[in-house]
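**Student:** Sharing a model prediction with you, sequence too.
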Amino acid sequence: MKTETTVCKACKQSMRWVLTDKGKTLAVDPEPSPHGNLVVREDGIGHIITKDDVMPPGVERFILHAVTCTEGPKERRKPLW
């Protein structure tokens, strides 16, 4: 992913902003995770996936920062699946 790292104002952890294919801007954790629900295409556009989506080998998945933010609202910090 080729976006600059920023810092979350709430928890002070690193995150990145990604523009999705739906036009939304979402904060994601900067490091890929096999449990992530967002993939970033080569053009830098993010796409939300479900646990049933099959990804080709080598595709990096990212977790939305709202899920891992230690200072965010608790209702947002739920397991992805």
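**Tutor:** Received it, and whenever you're ready, just let me know what you need. On a predicted model such as this, the values are computed, not experimentally measured, just so you know.

**Student:** what ranges of this structure fall below the confidence cut-off?
**Tutor:** Within the chain, the set of residues satisfying pLDDT under 70 comprises 1-3, 73-81.

**Student:** which strand of it spans the most residues?
**Tutor:** The strand that spans the most residues within the chain, counting by DSSP state E, is strand 14-19.

**Student:** Adjacent strands (with direction) for that strand?
**Tutor:** If you go by DSSP bridges, strand 14-19 pairs up with strand 5-7 (antiparallel), strand 25-28 (antiparallel).

**Student:** Residues in contact with the very next helix or strand once past the last one: which ones?
**Tutor:** Proceeding N to C from strand 25-28, the next assigned helix or strand is strand 38-40, under DSSP states H and E. Applying C-beta atoms under 8 Å, 6 or more residues apart in numbering, the contact partners of strand 38-40 are 1, 18, 20, 26, 28, 46-49, 55, 59-64. Bear in mind the C-beta positions are built from the backbone N, C-alpha and C, glycine included.

**Student:** Tell me the buried residues within the residues you listed.
**Tutor:** 1, 18, 26, 28, 46, 61-64 (16 or more other C-beta atoms under 10 Å).

**Student:** Would you confirm that T25 contacts W17?
**Tutor:** Yes: with contact defined as C-beta atoms under 8 Å, T25 and W17 form a contacting pair (5.5 Å).

**Student:** who has more neighbours, these two?
**Tutor:** W17 (14 against 9; other C-beta atoms under 10 Å).

**Student:** who are the neighbours in contact with that one?
**Tutor:** Contacts were defined as C-beta under 8 Å, 6+ apart; by that measure W17 touches 3, 6, 25-28.

**Student:** Mind putting the residues you listed into TSV with distance to H35?
**Tutor:** Conversion of the contacts of W17 to TSV gives the following (distance: C-beta to C-beta, whole Å):
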residue	distance to H35
T3	20
T6	22
T25	22
L26	16
A27	17
V28	12
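
**Student:** of all the residues you listed, which two lie farthest apart?
**Tutor:** Considering C-beta to C-beta, no two members of these lie farther apart than T6 and L26, which are separated by 12.7 Å.
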